[in-house]
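Peer 1: structure for this input, please:
(one chain, ligands or ions: 1)
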Amino acid sequence: MDNRPVGIFDSGLGGLTAVREFKRLMPNESIIYFGDTGRMPYGVRPAAQIHVIAGQNLEFVGGRGAKAMIAACGTISSTADDVLTAYPSPVCGVLKPGVKELCSVPCGAVGVIATATSIHSGAYEKSISALCPEKRVISAACPKFVPLIEAGRYTADDDELRDAIEEYLTPMKEAGIGALLLGCTHYGLIGDAIDKFFGGRVKLVGASEAAAAAMRDYLTKNDMCAGGDEPPDRYFTSGAVEEFEKLGRLFLGTDITGRVEYVPPFAL
Ligand code: DGL
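Peer 2: The predicted model follows:
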């Protein structure tokens, strides 16, 4: 038994998709969340910066007593896996669990959407072809999604979001993909809008949800689950606290007002 919290971090609100699923799977666990909104978006930054950011985020959350961490960020998971692996506490990224679940869907062609830095790293295609070489992979960077989501524009009736979805996903629709990996954790927040675009005919695989399940399995296997009296959840943001509380409440379905603390963005 281990009552310490699980640390979860991302560039902003996207990692809340991992929090939501992890809390659903393991309601007794407490979490420490860091949303680095002050430095968002990560997905257009060069790999060298992502390496530095990954180390800073691990130190920040790990230094606050996390027993294990979810790097709830596709950009970090695809670009700085070596930094995650080298950290002394257990860290689960979102790439491997997401790819594993994607490959389990019985279909000939799959899609991957993620940030520009993630897609350009080539890590998704490499990892898919290692696991299921027979699948055809179509990938697309979707740089318009994250700024729209962080601005609270995540619903299927938002014109700009709808246009962006059409622009990025039409080639995949035409190619007849059977499953789509939402490789950026923010994209789970527009899952309904994407599902509507595909008319419900494509299986959406959320990287965050897959990572939350992997963390549950890890804690269970290693006898590290909380057993009561765990500390309250804590949220940190390097951006505007009120905005984070407002959208956080919407995305989590839980009121986090008064639980979000500001930390100044770390220097790069
Ligand atoms: N949600 C993150 C990801 O999964 C980062 C998005 C961004 O800040 O560009 O890649």
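
Peer 1: for the residue located most distally from the centre of the chain, which non-adjacent residue is closest in space?
Peer 2: Each residue of the chain has a distance to the centre, and by Cα atoms, centre = their mean the biggest one is for Asp229: 27.7 Å. In space, and not counting its chain neighbours, Asp229 is closest to Asn3: 6.0 Å by Cβ to Cβ, 6 or more residues apart in numbering. Bear in mind the C-beta positions are built from the backbone N, C-alpha and C, glycine included.

Peer 1: quick one: contacts for the one you found?
Peer 2: Contacts for Asn3 were tallied using Cβ atoms under 8 Å, 6 or more residues apart in numbering; they are Ser30, Ala226, Gly227, Gly228, Asp229, Glu230, Pro231.

Peer 1: look up phi and psi at it.
Peer 2: Here is the backbone geometry of Asn3 (degrees, to the nearest 10): phi -90, psi 0.

Peer 1: got the residues of the stretch 51-200 of the chain near the ligand?
Peer 2: For the stretch 51-200 of the chain, the residues in contact with the ligand (Cβ under 6 Å from any ligand atom) are Cys73, Gly74, Thr75, Thr115, Ser118, Val146, Cys184, Thr185, His186.

Peer 1: just the buried members of the contacts of Asn3?
Peer 2: By neighbour count, with 16 or more other Cβ atoms under 10 Å, these hold Ser30, Ala226, Glu230 as buried.

Peer 1: do I have it right that the first one meets Pro5?
Peer 2: By that I understand Ser30. Yes: if you go by Cβ atoms under 8 Å, Ser30 and Pro5 touch, sitting 4.4 Å apart.

Peer 1: packing partners of the helix or strand hosting Cys92?
Peer 2: Using DSSP states H and E, Cys92 falls within strand 91-93. Packing partners of strand 91-93 (3 or more Cβ pairs under 8 Å, 6 or more residues apart in numbering; DSSP states H and E): strand 68-71, helix 81-86, helix 207-221.

Peer 1: sorry, back to before: for the residue farthest from the centre of the chain, give its distance to the ligand.
Peer 2: 32 Å (Cβ to the nearest ligand atom, to the nearest Å).

Peer 1: which parts of the stretch 151-268 of the chain are helices?
Peer 2: Using DSSP state H, counting those that start in this stretch, the helices of the stretch 151-268 of the chain run over 159-175, 191-197, 207-221, 241-252.

Peer 1: out of those helices, deepest packed?
Peer 2: Comparing the helices of the stretch 151-268 of the chain by mean neighbour count (mean count of other Cβ atoms under 10 Å), helix 207-221 comes out on top with a mean of 22.

Peer 1: relative to the whole chain's centre, how far out is it?
Peer 2: Distance of helix 207-221 from the chain centroid (Cα atoms, centre = their mean, to the nearest Å) equals 13 Å.
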